[in-house]
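> Okay, structure incoming, though there's no sequence with it:
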């Protein structure tokens, strides 16, 4: 009986462990995307240009993913067009069956994988000891999930140490932070622009991918057969290939989640600054570099341990204090602002009607 249970654990539960882990991370990433979209929706009326820029970034990656799908399936790309509101990619040769299914799958999954892939590649050269894979693996449910979790945990801790101690006077660190923010804002199109699309949210993305698999159950079987074949090969050779493969996929989601959380902090700062009177709204953003530079200058003359970490903490606290004080003493006249926005919308409506 014990032998049967061991066989079930090794041959059935162990390969499922990593599939469960990847699914959980992907769902968490979708949830973070939905949270950022809701925050962008709040900013849309006062920051239309910014919202359209983030949407264009998402649409661009969606178009690139679609083009990548046609390239991988040897369909070729005959037409590629990206605007603020949509992307249009046409193949040179229409293909059916598995090729068409694969290109559509990359259209759905590409926006989640392409931006995070760029960030993951950059992080390999920035993070110290961030990538650690198990040298040997015991393929049981608990051990397999533990090895997967260890790799994810090591990367997350390394990324956390970098973020709390990065040097904002180092161009490499600053560029990496800007890439995280830029790609975090554009991992998925928000469809906030001139043309309003159908509601695109957490459930919309989940439904698209689910229905895409359900329509072709044979491809699901092929997918699991390939994955299970990799598992059996890794098990037979006592290799870590299966764990490494899923761990890399997990890192895609982890760095995407981190980028989305950083983007949310930026959106929250913009949303908070809107509560300040127009002439003072840039002050919180100016406080960031000014306070950081002042603290770094102070530590230059008064050396301390962990200068980079204390400088970042001081910058954040200074920005919070300044923002709170400005909200308290330099409030926006909300009723006047709302009235001005309504007046502007009415005027725009009359202008469009006259043009028609």
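Nice, thanks for sending it over. Everything numeric here is computed off the predicted structure, so don't read it as measured data.

> in the protein, what spans have low per-residue confidence?
The chain contains residues with pLDDT under 70 at 1-6, 190-205, 333-356.

> so what are the domain limits for it?
As assigned by automatic domain parsing, the chain contains the domains 2-271, 275-356.

> ranking those by burial, who's on top?
domain 2-271 (a mean of 17; mean count of other C-beta atoms under 10 Å). Bear in mind the C-beta positions are built from the backbone N, C-alpha and C, glycine included.

> Can you give the distance of that domain from its chain's centre?
8 Å (C-alpha atoms, centre = their mean, to the nearest Å).

> Tell me who's in contact with the nearest residue to residue 246 once chain neighbours are set aside.
Leaving aside its sequence neighbours, residue 246 sits nearest to residue 18 (C-beta to C-beta, 6 or more residues apart in numbering; 3.9 Å). Each residue near residue 18 by C-beta atoms under 8 Å, 6 or more residues apart in numbering is listed here: 144-145, 148, 242-243, 246-247.

> Measure how far the longest helix seen in the chain is from the centre of its chain, please.
In terms of residue count, the longest helix belonging to the chain (DSSP state H) is helix 241-273. Relative to its chain's centre, helix 241-273 lies at 5 Å (C-alpha atoms, centre = their mean).

> Give me the helices and strands touching it, please.
Judged by 3 or more C-beta pairs under 8 Å, 6 or more residues apart in numbering; DSSP states H and E, helix 241-273 is in contact with helix 14-43, helix 98-126, helix 141-165, helix 171-185, helix 217-237, helix 283-301, helix 307-329.

> so which of the ones you listed gets nearest residue 276?
helix 307-329 (4.7 Å; C-beta to C-beta).

> Show residues contacting the closest one.
Contacts for helix 307-329 (C-beta under 8 Å, 6+ apart): 164-168, 269, 272-273, 275-277, 280, 283-284, 287-288, 291-292, 295-296, 299, 304.

> again, only this time at 10 Å
161, 163-170, 173, 265, 269, 272-273, 275-277, 280-281, 283-300, 304, 306 (C-beta atoms under 10 Å, 6 or more residues apart in numbering).

> Could you do stretch 95-104 as well?
65-76, 89, 91, 93-94, 110, 208, 212-213, 215-216, 218-219, 222.

> Looks to me like residue 79 is in a helix.
No: the assignment for residue 79 (DSSP: H, G, I helix; E, B strand; the rest coil) gives strand, which keeps it out of a helix.

> Surely it is in contact with residue 88?
Yes: if you go by C-beta atoms under 10 Å, residue 79 and residue 88 touch, sitting 6.8 Å apart.

> Spatially, and excluding backbone neighbours, which residue is closest to residue 209.
residue 108 (5.3 Å).

> is it true that that neighbour touches residue 65?
Yes: applying C-beta under 10 Å as the test, residue 108 and residue 65 come out as touching, 8.4 Å apart.

> Distance check, the residue nearest to the spatial centre of the chain against residue 262.
Residue closest to the mean C-alpha point of the chain, counted by C-alpha atoms, centre = their mean, is residue 256 at 3.4 Å. Distance of residue 256 to residue 262, given as C-beta to C-beta, to the nearest Å: 11 Å.

> which residues do these two both contact?
180, 184.

> And residue 307, how close does it get to residue 175?
Residue 307 is 21 Å from residue 175, by C-beta to C-beta.

> How about residue 39?
25 Å.

> my guess is residue 59 meets residue 186, correct?
Yes: shown here, residue 59 and residue 186 form a contact pair, counting by C-beta under 10 Å, at 8.3 Å.

> Quick check: neighbours shared by the two?
residue 111.

> Residue 272: neighbouring residues, count only.
Using other C-beta atoms under 10 Å, residue 272 has 16 neighbouring residues.

> Can you tell me how far residue 29 is from residue 112?
For residue 29 relative to residue 112 (C-beta to C-beta), the value is 7 Å.

> can you check residue 216 too?
Distance from residue 216 to residue 112, by C-beta to C-beta: 20 Å.

> So which elements touch the host helix or strand of residue 67?
Applying DSSP states H and E as the criterion places residue 67 in helix 48-72. For helix 48-72, the elements it packs on are helix 14-43, strand 77-82, strand 87-91, helix 98-126, helix 171-185, helix 241-273, judged by 3 or more C-beta pairs under 10 Å, 6 or more residues apart in numbering; DSSP states H and E.

> Out of the ones you listed, flag the one nearest residue 133.
Closest among the helices and strands packed on helix 48-72, using C-beta to C-beta: helix 241-273, at 5.0 Å.

> That closest one to helix 283-301, inter-axis angle?
110 degrees (axes from the mean of the first three to the mean of the last three C-alpha atoms, to 10 degrees).

> rewinding a little: using JSON lines, please lay out the helices and strands packed on helix 241-273 together with distance to residue 83.
Below are the helices and strands packed on helix 241-273 laid out as JSON lines (distance: least, C-beta to C-beta, whole Å):
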{"stretch": "helix 14-43", "distance to residue 83": "18"}
{"stretch": "helix 98-126", "distance to residue 83": "16"}
{"stretch": "helix 141-165", "distance to residue 83": "34"}
{"stretch": "helix 171-185", "distance to residue 83": "18"}
{"stretch": "helix 217-237", "distance to residue 83": "32"}
{"stretch": "helix 283-301", "distance to residue 83": "29"}
{"stretch": "helix 307-329", "distance to residue 83": "35"}
